[in-house]
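A.B. asks: Show me the folded form of this:
(one chain, ligands or ions: 2)
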Amino acid sequence: MSTHQTQPLIGLETFSWKKWDACTHCGLCLPSCPTYRELGLETDSPRGRLYLMGSAFKSQDATPLNEEWAEYIYRCLDCRACETACPSGVHFGELLEQARAIYEQNAHRSTSHKFWSNLVFKQILPNKERLDLIFEMMWLYQKLGIRWLVQKSGILKLMGQLGQMETLLPKIPPPRLKYTIQDITPAVGETRYRVGFIPGCIMNQVFTETNLATIRVLAENGCEVVTPRKQTCCGALHLHNGERDFASELAKQNIDAFEDEQLDAIIINSAGCGAALKEYKVLLENDPNYTEKAENFSNRMQDISEFLAEIEMIPPKGEIPLRVTYDEPCHLLHGQRVKSQPRDVLQTIPEIELIELTESDWCCGSAGIYNITQPELSQEILERKMQHIADTEADIVATGNPGCLLQIQQGIQKRGLDMKAMHPVTLLDYAYHGLSPEDWIEFSNNRM
Ligand code: SF4
Ligand code: SF4
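C.D. replies: Ligands and ions are numbered 1, 2, ... in the order given. Below you'll find the predicted structure:
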């Protein structure tokens with residue numbers, strides 16, 4: 001007689017069986033999967049992960065959701081390359097996020113894991129005042145030379161993963177910069193469009209200049225730019241880490257923040273956030289109070305490159321006579337299916353030389369917080385990317401996502417390459433405002 005005690009699985013009603021059933025197990029997604037390429041295991045492939053989800057959830061028993069099961073499910077980058085490759089249209093990203101949410105509801109997580117997860121996802125990311133304070137402290141830490149002392153002292157080597165995280169910390173811009181973003185920025189010249197803007201949470205702390213550049217470029221193209229203060233974190237990191245209910249609450253707050261604004265589009269420059277914002281309509285499809293509002297919100301969301309490529313863009317006049325290669329953020333390419341627009345927009349810059357990057361459609365290993373949770377695999381994936389980047393001999397690697405910018409810049413520094421990672425919109429901003437390459441090289445040297 002079996003002594004196995006079943007534990008009823010909590011949250012199973014949120015799993016989209018119909019979408020899971022679309023998989024025909026053909027395996028055509030396997031050659032596109034970075035973890036399968038690196039590890040060669042079926043359980044680290046999209047098909048294998050779908051099998052793991054199905055077999056565990058069909059049992060309606062929480063026991064199979066053990067650490068080994070979670071290891072395969074959390075080793076996925078959520079890069080969604082398998083979605084692009086899949087001929088049956090399996091929504092892998094959505095199923096993965098649902099599976100992680102079910103796991104988090106049933107798993108016996110340690111007290112320290114619960115503490116950190118609550119602190120980061122619920123107490124810090126959605127709280128602008130706390131985020132401001134933390135990044136002001138980081139700015140002071142760097143500005144006052146404490147970072148230099150800490151790095152020289154060798155203490156980081158003794159701090160394990162925390163020390164590793166410190167080395168990933170980019171140079172934080174002066175905190176006052178983000179307060180220069182206005183609620184409403186007028187168009188330059190005639191107003192052709194009225195658009196909303198989402199500066200993001202971490203994006204606005206670390207890449208404030210990119211946000212300001214985005215607003216300037218929109219204004220140059222006749223946009224009045226509305227940046228409502230009531231908006232909050234988009235919830236992308238929450239979704240990737242199994243905090244689906246909390247992400248839904250953040251989604252509602254963002255939808256409400258833009259509800260009363262008459263806008264032609266809502267613009268985002270961060271690919272990871274953009275993919276999550278465009279999928280609010282899926283996240284809230286069963287919430288009768290928000291189904292329609294979420295659909296309306298998501299349908300207005302556009303990546304900056306997508307918007308500029310769609311309107312009659314005013315071409316910039318400033319020349320940037322440099323070699324630029326473009327790396328595709330997974331959540332822009334696979335999550336939003338935006339491929340040609342960033343290249344088209346970059347091509348409007350006079351004298352720019354755009355060089356195609358081999359495997360530009362492969363993940364760089366950043367993937368949200370993957371470089372912190374899976375540092376070794378993340379570095380292996382980055383190494384392959386950096387070899388292709390080095391082969392281009394470009395001056396600039398353009399990419400439209402904060403995580404990818406940080407990851408690639410770290411790869412550039414590690415290899416000692418004479419290159420910079422920049423958001424495409426920053427290059428456009430320089431071209432609109434006639435900054436010379438020398439000006440911006442000096443600017444970005446000070447910045448990085
Ligand atoms: S999301 Fe990326 S890493 Fe995960 S299974 Fe799909 S291709 Fe592989
Ligand atoms: S996810 Fe798509 S490509 Fe991969 S095995 Fe299933 S049906 Fe085939």
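A.B. asks: Show me what residue 398 is bridged to.
C.D. replies: On the basis of DSSP bridges, residue 398 is bridged to residue 326, residue 422.
A.B. asks: Isn't it up against residue 346?
C.D. replies: Yes - the criterion here is Cβ atoms under 8 Å, and residue 398 meets it with residue 346 at 6.3 Å. For glycine as for every other residue, the C-beta is placed from the backbone atoms N, C-alpha and C.
A.B. asks: Of the two, which one has the most company?
C.D. replies: Counted by other Cβ atoms under 10 Å, residue 398 and residue 346 do not tie: residue 398 has more neighbours, with 27 against 22.
A.B. asks: Would you agree residue 13 falls within a strand?
C.D. replies: No - according to DSSP: H, G, I helix; E, B strand; the rest coil, residue 13 belongs to no strand; its state is helix.
A.B. asks: Now do it: how many residues are near it, please.
C.D. replies: Residues near residue 13, counting by other Cβ under 10 Å, number 8.
A.B. asks: Also residue 297?
C.D. replies: Residue 297 has 25 neighbouring residues, counting by other Cβ under 10 Å.
A.B. asks: which ones are touching residue 236?
C.D. replies: Residue 236 makes contacts with 247, 272-273, 275-276, 331, 368, as judged by Cβ atoms under 8 Å, 6 or more residues apart in numbering.
A.B. asks: ok, which pair from these is furthest apart?
C.D. replies: Spatial extent of the contacts of residue 236 (Cβ to Cβ) is set by the pair 247 and 331 at 14.8 Å.
A.B. asks: the more surrounded of these two?
C.D. replies: Set residue 247 next to residue 331 and count neighbours by other Cβ under 10 Å: residue 331 wins out with 31 against 27.
A.B. asks: Name the SS class of the more buried one, please.
C.D. replies: Assignment for residue 331 (three-state DSSP): helix.
A.B. asks: and it, how far is that from ligand 1?
C.D. replies: Distance, residue 331 to ligand 1, by Cβ to the nearest ligand atom, to the nearest Å: 11 Å.
A.B. asks: Could you double-check that that residue lies in contact with residue 80?
C.D. replies: Yes - under the criterion of Cβ under 8 Å, residue 331 makes contact with residue 80 at 7.2 Å.
A.B. asks: any common contacting residues for residue 398 and residue 346?
C.D. replies: 324, 326, 424, 427.
A.B. asks: Report pLDDT for the residue nearest to the third one when sequence neighbours are not counted.
C.D. replies: When you say that, I think you mean residue 424. Spatial nearest neighbour of residue 424, excluding adjacent residues (Cβ to Cβ, 6 or more residues apart in numbering): residue 398 at 4.6 Å. We have a pLDDT of 97 for residue 398.
A.B. asks: Identify the residues contacting residue 398.
C.D. replies: 324-327, 342, 346, 421-424, 427.
A.B. asks: switch to 6 Å and redo it
C.D. replies: Contacts for residue 398 (Cβ atoms under 6 Å, 6 or more residues apart in numbering) come out as 324, 326, 422, 424.
A.B. asks: measure the first one to residue 357 for me?
C.D. replies: Looking back up the chat, that one is residue 324. The gap separating residue 324 from residue 357 is 10 Å, by Cβ to Cβ, to the nearest Å.
A.B. asks: pull the longest helix from this structure.
C.D. replies: Ordering each helix of the chain by length in residues (DSSP state H) puts helix 375-392 first.
A.B. asks: is ligand 1 contacted by it?
C.D. replies: No - shown here: helix 375-392 not in contact with ligand 1 (Cβ under 6 Å from any ligand atom), separated by at least 9.4 Å.
A.B. asks: Now do the buried residues in that helix.
C.D. replies: For helix 375-392, a neighbour-count test (16 or more other Cβ atoms under 10 Å) marks 377-379, 381-382, 384-386, 389, 392 as buried.
A.B. asks: Alongside ligand 2, which residues does the stretch 51-200 of the chain contribute?
C.D. replies: Checking the stretch 51-200 of the chain against ligand 2 by Cβ under 6 Å from any ligand atom, the hits are 82, 85-86, 88, 90.
A.B. asks: Stretch 359-369 and ligand 1 in contact?
C.D. replies: No - using Cβ under 6 Å from any ligand atom, stretch 359-369 never reaches ligand 1; the gap is at least 6.6 Å.
A.B. asks: first vs last residue of that stretch, how far apart are they?
C.D. replies: Stretch 359-369 has its terminal residues 22 Å apart, counting by Cα to Cα, to the nearest Å.
A.B. asks: What of stretch 254-271?
C.D. replies: This stretch, stretch 254-271, spans 17 Å end to end (Cα to Cα).
A.B. asks: Over to stretch 85-95?
C.D. replies: 16 Å.
A.B. asks: can you list the residues of the stretch 101-250 of the chain near ligand 1?
C.D. replies: So the stretch 101-250 of the chain never meets ligand 1 (Cβ under 6 Å from any ligand atom).
A.B. asks: what about whichever residue of the stretch 101-250 of the chain sits closest to ligand 1, distance to ligand 2?
C.D. replies: Nearest residue of the stretch 101-250 of the chain to ligand 1, counting by Cβ to the nearest ligand atom: residue 240, 10.4 Å away. As for residue 240, its distance to ligand 2 is 19 Å (criterion: Cβ to the nearest ligand atom).
A.B. asks: Report the separation between that residue and residue 225.
C.D. replies: From residue 240 to residue 225 the distance is 28 Å (Cβ to Cβ).
A.B. asks: Check residue 400 too.
C.D. replies: Counting by Cβ to Cβ - residue 400 and residue 225 are separated by 18 Å.
A.B. asks: now swap in residue 315 and tell me
C.D. replies: Distance, residue 315 to residue 225, using Cβ to Cβ: 20 Å.
A.B. asks: quick one, which of the two is more surrounded?
C.D. replies: Neighbour totals were compared for residue 315 and residue 225, and residue 225 leads with 24 against 12 (other Cβ under 10 Å).
A.B. asks: Report the contact partners of that one.
C.D. replies: Residue 225 neighbours (Cβ under 6 Å, 6+ apart): 185, 195, 197, 215, 218.
A.B. asks: Tell me which entries of these lie within strands.
C.D. replies: Among those, the residues falling in strands (DSSP state E) are 185, 195, 197.
A.B. asks: Drop anything exposed from these.
C.D. replies: 185, 195, 197.
A.B. asks: could those go into CSV alongside pLDDT?
C.D. replies: Putting these into CSV (pLDDT from 0 to 100) gives the following:
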residue, pLDDT
185, 97
195, 98
197, 98
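A.B. asks: between the contacts of residue 398, which is closest to ligand 1?
C.D. replies: Nearest to ligand 1 among those, with distances taken as Cβ to the nearest ligand atom, is residue 326, at 20.1 Å.
A.B. asks: What is the burial count for the closest one?
C.D. replies: Quick note: residue 326 (other Cβ under 10 Å) scores 20 neighbours.
A.B. asks: and the gap between it and residue 198?
C.D. replies: With distances taken as Cβ to Cβ, residue 326 is found 22 Å from residue 198.
A.B. asks: so where do the helices sit in the stretch 1-150 of the chain?
C.D. replies: 17-21, 34-39, 46-58, 67-74, 81-85, 92-106, 111-117, 128-143, 146-153 (DSSP state H, counting those that start in this stretch).
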